[in-house]
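> Using only what follows, build the 3D model:
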Amino acid sequence: MSEFVTLKENREFRRAYTRGRSFVSSDLVTYVIKNNTNNLRIGITTGKKIGKAYERNRSRRIIRAALREVYPNIRGGFDLVFVARGKTPHRKSNDILKSMRKHLKEAGLLEK
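As a prediction, the model looks like this:
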């Protein structure tokens with residue numbers, strides 16, 4: 001899997017928020033829900049509480065960088081939504097990667 005399949009529609013995000021399992025840390029929240037395909041679909045959100053536009057953009061870049069590292073090891077057939085928190089723009093991608101791996105391991109999505 002070289003390219004991300006992204007979630008784009010509001011109803012897809014809402015479905016993950018309401019029906020999915022959530023995993024929370026101080027710098028990242030991960031929502032996981034099974035989808036009806038074999039594809040792994042990913043969405044990243046950053047709210048206005050994060051800060052100004054440059055901080056929200058940095059948060060998304062950091063999450064994407066961490067995701068690139070772990071992406072080949074994630075099982076397909078799930079929708080993942082990563083939500084940035086207030087500390088996210090002030091962290092390095094390695095810190096986010098640790099949180100992401102922990103969340104995905106708890107969800108049982110990491111393959112060896």
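> what helices or strands is whatever helix or strand Arg14 lives in leaning on?
Using DSSP states H and E, Arg14 sits within helix 10-19. The contact analysis (3 or more Cβ pairs under 8 Å, 6 or more residues apart in numbering; DSSP states H and E) places helix 10-19 against strand 28-34, strand 41-45, strand 78-84. Every C-beta, even on glycine, is put in place using the N, C-alpha and C of the backbone.
> who does the shortest one pair up with?
Sheet pairing for strand 41-45, assigned by DSSP bridges, gives strand 5-6 (parallel), strand 78-84 (parallel).
> what about the residue of the chain positioned farthest from its centre, distance to Ile42?
Distance to the chain centre peaks in the chain at Lys52, reaching 20.3 Å (criterion: Cα atoms, centre = their mean). Distance from Lys52 to Ile42, counting by Cβ to Cβ, to the nearest Å: 25 Å.
> ok, and for the lengthiest helix in the chain, which residues are buried?
The longest helix of the chain (DSSP state H) is helix 53-70. Neighbour-count burial for helix 53-70 flags Glu55, Arg56, Arg58, Ser59, Arg60, Ile62, Ile63, Arg64, Ala66, Leu67 (criterion: 16 or more other Cβ atoms under 10 Å).
> Same check on stretch 96-111?
Those buried within stretch 96-111 under the rule 16+ other Cβ under 10 Å are Ile96, Leu97, Ser99, Met100, His103, Leu104, Ala107, Leu109, Leu110.
> Out of those residues, which is nearest to Pro72?
Closest approach between the buried residues of stretch 96-111 and Pro72, by Cβ to Cβ: Leu110, at 10.5 Å.
> Next, the closest one: phi, psi?
phi -80, psi 130 (degrees, to the nearest 10).
> contacting residues around it?
The neighbours of Leu110, taking Cβ atoms under 8 Å, 6 or more residues apart in numbering as the test, are Val70, Asn73, Ile74, Arg75, Arg101, Leu104.
> And the furthest pair within those?
Top of the distance list for the contacts of Leu110 (Cβ to Cβ): Arg75 and Arg101, 13.8 Å.
> Tell me which residues are up against the longest helix of the chain.
4, 28, 42, 44, 46-48, 50, 82, 84, 88-89, 91-94, 96-97, 100-101, 104, 110.
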